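1. sequence first, then the predicted structure, then my questions.
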2 protein chains.
Amino acid sequence: MLPFKIKKISLIGSGNVATNLALSFAEKGFIIHQVYSRNIKNAKALGRKINAPFTDIISEIDKAANLYIISIADNAASDIVSQLDAGNSLVVHTSGSLDINKLNKFPNHGVFYPLQTFSKNKPVALNDIPILIEANTDKNTEILKQFAAFFTSKVHVMSSEQRRDTHLAAVFANNFTNHMYNIAERILKRSDISFDLLIPLINETARKVNDEIPCHVQTGPAVRIDKEIINKHLIMLADLPDYKKIYKQMTNSINKESKLIKI
Amino acid sequence: MLPFKIKKISLIGSGNVATNLALSFAEKGFIIHQVYSRNIKNAKALGRKINAPFTDIISEIDKAANLYIISIADNAASDIVSQLDAGNSLVVHTSGSLDINKLNKFPNHGVFYPLQTFSKNKPVALNDIPILIEANTDKNTEILKQFAAFFTSKVHVMSSEQRRDTHLAAVFANNFTNHMYNIAERILKRSDISFDLLIPLINETARKVNDEIPCHVQTGPAVRIDKEIINKHLIMLADLPDYKKIYKQMTNSINKESKLIKI
């Protein structure tokens, strides 16, 4: 049963999030009414994928959809919001860091934030992914909760502040973690060692925190305060000054926290 | 078929690595001849797990084993090496950062480094885990290769220098990554949000680099140079100065590299 009101969805945006959402919506039988992107190539690429009309002209987005999903970079949102006429329909954005108030112009508005890292070329199913919901009225909250529940069992109602904290945490857990992988890859490269060698370690590192909180499974020279190895590593990083700084900073931080835990 | 010579194994150490190795060795039918730890409780705990004699007196380790595995902290190695009498048997250490030369005293010596993060309480099978091998002679290299092949298909012969680079890379990919998870957990805690919420994201972040090199899947405000979000995040971290420094450092580093890639 579709949540009352939501049948036709228009998508504003054609990036990683918009593409993944559009595919999931279409798969569950929702009608993608229109797709907008300021880049016509991207609008076309997404429109064709889900068999929906597309445009790069915001005024061509009509009022016939029940739900408008704004899924674009935060700094482009104000511009789109000011130009979009969605009548009385529900308008949501998908950003972790944007306040719900940005959509105050629309009588019915909210947030639909899927907490995941998406790629256009490798779509991820939404099931099992947390979707964080916020809306301007209890009724809209209920509509969004029911809608999100089509895709995942992990629907959470959260304030803008909580969502902002979650997004910041996600930057550490995803963006910065990926950069740690990247640094590891570069260090291996200079010794002609394949990055593949680290995959079992990377997988196990993630798997461990599925069961235990991270501070309980911290290992390595920093938490052991093994100065001999730490000094060796700093010497090895002499020609990679940025990584050396990161090494020092991380080591100090791990070290400090392990002391706090012991006290 | 057991590699010729290796039947009885004595273990020097009782930590995470020693415990995981001992369990894998015993499971494959090797005899654990003796277990040593400077801490008798730990020696006993491991000895009982694998039904082997144990001691906390290094001179009680006899010469009857074919293989001695030294699996202790790097800074305790010199002391143990000077006291251990292993006759002509093969002696290896399991350290990523310790040079093979540390074992020069023994006529037959080498390195057996399993590239994984181990816990005592949750043993991990060695299959699929890379084991990095080095030895003082071709014959010993061959023995260690055959021995390692009992446990995993991923046996690699590496120099001490390459192993050291691999270990340094592993510190970034495991220790520092886990600390990123830890920081995320602490940020969530102050908003009373469960760390579980991030698990799908953490798993997907690791999964992505199983297929692609990290710099190709970097996402987030740092790589997009989204100053508005970055500044918001820095303000949100005002009361967590260490994390704020790490945020800045990581953002600058991601930013710099993304420019290098584009050029």
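-> Here it is on my side, so go on.
2. drop to CA atoms for contacts and neighbour counts, all remaining ones
-> Noted.
3. which regions of chain A sit below the pLDDT cut-off?
-> Residues of chain A meeting the criterion pLDDT under 70: A:1-4, A:260-263.
4. may I have the phi/psi pair for the residue in it sticking out farthest from the centre?
-> Centroid-distance maximum for chain A: residue A:228 at 39.1 Å, with Cα atoms, centre = their mean. Phi and psi for residue A:228, reported as degrees, to the nearest 10, are phi -60, psi -50.
5. how much space between residue A:259 and chain B?
-> Distance, residue A:259 to chain B, using Cα to the nearest Cα, to the nearest Å: 14 Å.
6. now residue A:258
-> From residue A:258 to chain B the distance is 11 Å (Cα to the nearest Cα).
7. circling back: looks like the residue farthest from the centre of chain A contacts residue B:75 (just checking).
-> Yes - counting by Cα atoms under 8 Å, residue A:228 touches residue B:75, with 7.3 Å between them.
8. you'd agree residue A:173 is up against residue B:202?
-> Yes - contact criterion Cα under 8 Å: residue A:173 and residue B:202 qualify, at 6.2 Å.
9. just to revisit the earlier point, list the contacts for the residue farthest from the centre of chain A?
-> residue B:75 (Cα atoms under 8 Å, 6 or more residues apart in numbering or on different chains).
10. list the contacts of stretch A:174-194.
-> Residues contacting stretch A:174-194 (Cα under 8 Å, 6+ apart): A:117, A:195, A:243, B:162, B:165-166, B:168-170, B:172-173, B:176-177, B:180, B:201-202, B:205-206, B:213-215, B:217-220, B:250, B:254.
11. mind telling me which residue of the stretch 1-150 of chain A is nearest chain B?
-> The stretch 1-150 of chain A approaches chain B most closely through residue A:116 (5.0 Å), counting by Cα to the nearest Cα.
12. for that residue, give me phi and psi.
-> The phi/psi pair for residue A:116 (degrees, to the nearest 10) reads phi -160, psi 160.
13. hang on, it packs against residue B:200?
-> Yes - the criterion here is Cα under 8 Å, and residue A:116 meets it with residue B:200 at 7.1 Å.
14. now do the shared contacts for the two.
-> A:129-130.
15. and these two? which has more neighbours close in?
-> Looking at residue A:116 and residue B:200 with other Cα atoms under 10 Å in any protein chain shown, you find the greater number of neighbours at residue A:116, namely 22 against 17.
16. and residue A:252, that's in a strand?
-> No - counting by DSSP: H, G, I helix; E, B strand; the rest coil, residue A:252 is not part of a strand but helix.
17. so who does it touch?
-> When contacts are counted by Cα under 8 Å, 6+ apart, residue A:252 touches residue A:222.
18. tell me how far it lies from residue B:245.
-> 11 Å (Cα to Cα, to the nearest Å).
19. now do the strand or helix carrying residue A:180 against helix B:177-189, angle only.
-> Assigned by DSSP states H and E, residue A:180 falls within helix A:177-189. Angle, helix A:177-189 to helix B:177-189, by axes from the mean of the first three to the mean of the last three Cα atoms, to 10 degrees: 170 degrees.
20. hmm, the next helix or strand after helix A:177-189 touching chain B?
-> Counting by DSSP H and E, the next helix or strand C-terminal to helix A:177-189 is helix A:199-211. Yes - Helix A:199-211 lies within reach of chain B by Cα under 8 Å from any Cα of the partner chain, at A:199-207, A:209-210.
21. buried sites along helix A:199-211?
-> Across helix A:199-211, burial judged by 16 or more other Cα atoms under 10 Å in any protein chain shown covers A:199-206, A:208-210.
22. chain A: helices as residue ranges?
-> A:16-27, A:40-50, A:74-83, A:138-148, A:160-170, A:177-189, A:199-211, A:221-224, A:227-236, A:241-262 (DSSP state H).
23. cheers, nothing more for now.
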